[in-house]
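Undergrad: Need a 3D model of the sequence below.
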Amino acid sequence: MPIAISDSDDPRIEAYRAVRERDLVGREHRFVAEGEVVLRVLARQSRFAPESLLLAENRVDSLRDILANLPSDVPVYTANRAVMDAIVGFPIHRGILAVVRRAPLPPVEELLARLPERALVVGLVGLANHDNVGGIFRNAAAFGADAVLLDSETCDPLYRKAIRVSVGGALVVPFTRAPSADAMVQALVEAKFDVIALSPSGKETLARLERSPRAALLLGAEGPGLPADLLARTRTVSIPMSGGFDSLNVATTSGIALHHLAGTK
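TA: As a prediction, the model looks like this:
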């Protein structure tokens, strides 16, 4: 049964206090998920286990199906909107929050070894924008990417905003972190992946690209793009644009490229 919270200082909901600020410093192997769409995605998979839920009183009835299937030791707290806003520190939380345990990240080599003979992987290098990372995970889920690899400079896909932008894709697509971009590429090569780096100066065009059974799409940050030494070690591909324009949002670029690669025989 839901547990009513009437005091924003109640110690039982300490994990939800000042969500926005605490997102920036980490949560001791936990993360926060928000919104009904994300919660429903979370409920359908087993990689991450919710520790508790905090719901606005008017959202409980619409979530009865999810609440009925929660383990009995997962508390569900409810509060009116004013109390919930005081706990969380801002009003735009859609009345649904969950604190969730992170799953341990496997070594890159281990994750790649689990993938099938035909596999599509996305590699992110130096992406510090949570909206872009969330958008890429959304596209990766939509086009059936088997995994996402992150270098040490790429931001956390389980940051609350990144999960929201990904519409739960960050909870669905397996991911792990490599020590560096070089280590990422080396692991992909050793696992027999054809490493495709997107760049405005790419030697091949996406429309004419034929993918190998194991393909990895590398994406760099907007502006600097992928490092020159990385481009020199990979198969470089461009997306031609009209009027000499050579810049697309990286999340948009990922959708175009993944759509092509997912459909290439």
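
Undergrad: Now do the SS call for Phe137.
TA: helix (DSSP: H, G, I helix; E, B strand; the rest coil).

Undergrad: In contact with it, which residues?
TA: Phe137 is in contact with Val148, Pro157, Ala162, Ser166, Gly169, Ala170, Val173, Phe175, counting by CB atoms under 8 Å, 6 or more residues apart in numbering. C-beta: built from backbone N, CA, C; applies to glycine.

Undergrad: What is the least confident helix or strand in this structure?
TA: Lowest by mean pLDDT, DSSP states H and E among the helices and strands of the chain is helix 19-23, with a mean of 64.

Undergrad: any idea which helix or strand comes after that helix?
TA: Note on helix 19-23: by DSSP states H and E, the next helix or strand toward the C-terminus is strand 30-34.

Undergrad: chain center to that following strand: distance?
TA: Distance, stretch centre to chain centre, for strand 30-34: 12 Å (CA atoms, centre = their mean, to the nearest Å).

Undergrad: ok, the residue nearest to the spatial centre of the chain to Ala79 distance?
TA: When CA atoms, centre = their mean is applied to the chain, the residue found nearest the centroid is Ala170 (2.9 Å). Per CB to CB, to the nearest Å, Ala170 is found 26 Å from Ala79.

Undergrad: Got phi/psi on Ser180?
TA: phi -160, psi 170 (degrees, to the nearest 10).

Undergrad: just to revisit the earlier point, how about the contacts of Phe137 in TSV, adding pLDDT?
TA: Formatted as TSV, the contacts of Phe137 follow (pLDDT from 0 to 100):
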residue	pLDDT
Val148	98
Pro157	95
Ala162	94
Ser166	97
Gly169	97
Ala170	97
Val173	97
Phe175	98
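
Undergrad: Now list the buried members of those residues.
TA: Among the contacts of Phe137, the ones that count as buried by 16 or more other CB atoms under 10 Å are Val148, Pro157, Ala162, Ser166, Gly169, Ala170, Val173, Phe175.

Undergrad: Narrow those to those in strands?
TA: Judged by DSSP state E, the buried ones among the contacts of Phe137 include Val148, Phe175 as members of strands.

Undergrad: from the buried ones among the contacts of Phe137, which ones fall inside helices?
TA: The members of these that map onto helices under DSSP state H are Ala162, Gly169, Ala170.

Undergrad: Distance across stretch 115-135, terminal residue to terminal residue?
TA: Stretch 115-135 has an end-to-end distance of 23 Å (CA to CA, to the nearest Å).

Undergrad: quick check: mean pLDDT across it?
TA: Stretch 115-135 shows a mean pLDDT of 96.

Undergrad: for that stretch, the distance to its chain's centre please.
TA: Stretch 115-135 sits 8 Å away from the centroid of its parent chain (CA atoms, centre = their mean).

Undergrad: Now do stretch 5-21: everything it contacts.
TA: By CB under 8 Å, 6+ apart, the residues outside stretch 5-21 that reach it are 3, 27, 30, 32, 51-52, 54, 75, 77-79, 83, 86-90, 93, 97, 99, 160.
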